[in-house]
Each structure stands twice: as C-alpha cells, then as structure tokens.
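Participant: Sequence and predicted structure below; questions after.
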Amino acid sequence: MKNYMKPKLLLFFIFIFITCSSQSIADIHNIDTDLIITKIIESNRAKVQKNDANKIVQQFKKIERSLTTNTTPNEFEGLFVSMGVDGMPNFKLKKIITKDDYEYFLLQSQNTDPTEISDALKKKYNFDLLENVLGDREKEKRYEYYQFTKPYFSKDHQKAYIEVEYYSAGIYGDGMAYILEKINGEWVIVRGLNLWIT
C-alpha cells in the first residue's frame, strides 16, 4: 500500500510545483509591467499623478511593430536596431533583443486578450478610459495623455520592449519605443526608438 502511494504523492507535488511556477511567471510579468511603466513615466517626468489633469489610458493598445509569422528572425532582429545620425540602422550597437527572442515575442503578440493597467498603478497615477479622454477632447477639455502597450519580454525575461504614445493638449504627439534591460534586479532604459511624430 505504501509503495502505491509514493508515485501518487510524487505526482501531486510535481503538479503543485508546476502550478505555482506558472502562476509565479504571470505574477512576475505583472510586477515587471508595473515597474517598466513607472520607469518610463518617471524618465519622461510625466505629470500624471492623481492630482494632475494629465492622464494615462488604462487599457493597453496593440504594439505598432509588425510581428507576423511572415517576418523572418533576421528581419525581427532588425526591428530593434537603433538608427544612426544618418537615418540608417546602426548595426555596431549592442544587440539587446535578438532573433533568439523572435518566437517568444510572436507568442506574446498573438495574445489578443484585452488587458488593463494594474490596480496598483491606477491608485498611483491618473487613469481613464480612452473613450472618456477622446470625449473630453471633443468638448475642448484638453490635457496631455499617454497610452502604453503591454511590454513584450525576451525569452530570458531580462529584456523588454514597450511602446508609448504621447498626445499634448494641442495637436502635437509622438510615439516612442523603449528597450529595457534588467540590471542588478532593476529595469533600466537602454535604448529609445522614435516611431512617429506630428
């Protein structure tokens, strides 16, 4: 009887370990998403605290970079290379997100579940629904606002890519992408890429 119970007990502990591991990976993603967004807000000196008029859209938008199954791993790697002063890709800079991360990024891009900013960030910053922000603009109530994409993480979870759109009170706006790296346990912005400007 005892020998029969040992394999069942072992399988039970393996199941518990796997369940806890997968939950902790999701928790790590959520914690790191909060840390990354906070890092970008602070680096931009964004006035989006609870008592500020400026806002952050509370639902993540879709990433602009085209990640499709038609993209080759080499083309994927080229999407994350900084432009030099001549406007051409500067391949001499250190590669941070590489073709090894292609499949993991593609997997993340195929997740179409709508996701909102965490409750912890909503308590800290001034958030609103995009439809409310756009409704205010139609009523001539103008303020700056930011909209983030969900970060995509590298396979080793030590690098991340995120895009941010900024709109001013008038007609100005820009789109930026940031590549971050986890250095000594802290997310650090290591590269900024201009996506668009008006």
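Facilitator: Okay, I see it.
Participant: quick one: the helices in the protein?
Facilitator: For the chain, applying DSSP state H gives helices covering 2-43, 73-78, 102-109, 119-124, 130-138.
Participant: average pLDDT across the fourth one?
Facilitator: In other words, helix 119-124. Average pLDDT, helix 119-124: 92.
Participant: how near is the residue nearest to residue 194 when sequence neighbours are not counted to residue 136?
Facilitator: The shortest distance from residue 194 to any non-neighbouring residue, by Cβ to Cβ, 6 or more residues apart in numbering, is to residue 176 (6.4 Å). (Glycine included, C-beta is placed from N, CA and C.) In this view, residue 176 and residue 136 are 23 Å apart by Cβ to Cβ, to the nearest Å.
Participant: sorry, back to before: rank the helices of the chain by mean pLDDT and give me the bottom one.
Facilitator: Mean pLDDT is lowest for helix 2-43 out of the helices of the chain, coming in at a mean of 65.
Participant: Touching, residue 55 and residue 48? I think so.
Facilitator: Yes - counting by Cβ atoms under 8 Å, residue 55 does reach residue 48; the two are 6.4 Å apart.
Participant: Quick check: neighbours shared by these two?
Facilitator: Common contacts of residue 55 and residue 48 (Cβ atoms under 8 Å, 6 or more residues apart in numbering): 126, 146.
Participant: Next, the contact list for the nearest residue to residue 30 once chain neighbours are set aside, please.
Facilitator: Spatially, and ignoring its direct neighbours in sequence, residue 30 is nearest to residue 118 (6.2 Å; Cβ to Cβ, 6+ apart). The contact partners of residue 118, by Cβ under 8 Å, 6+ apart, come to 30, 33, 34.
Participant: measure residue 118 to residue 73 for me?
Facilitator: Remark: distance between residue 118 and residue 73 (Cβ to Cβ) = 32 Å.
Participant: And for the closest residue to residue 128 other than its chain neighbours, the neighbour number?
Facilitator: Spatial nearest neighbour of residue 128, excluding adjacent residues (Cβ to Cβ, 6+ apart): residue 55 at 4.8 Å. A count of neighbours around residue 55, defined by other Cβ atoms under 10 Å, yields 22.
Participant: how about residue 55, what does it touch?
Facilitator: The contact partners of residue 55, taken as Cβ under 8 Å, 6+ apart, are 48, 126, 127, 128, 133, 143, 144, 145, 146.
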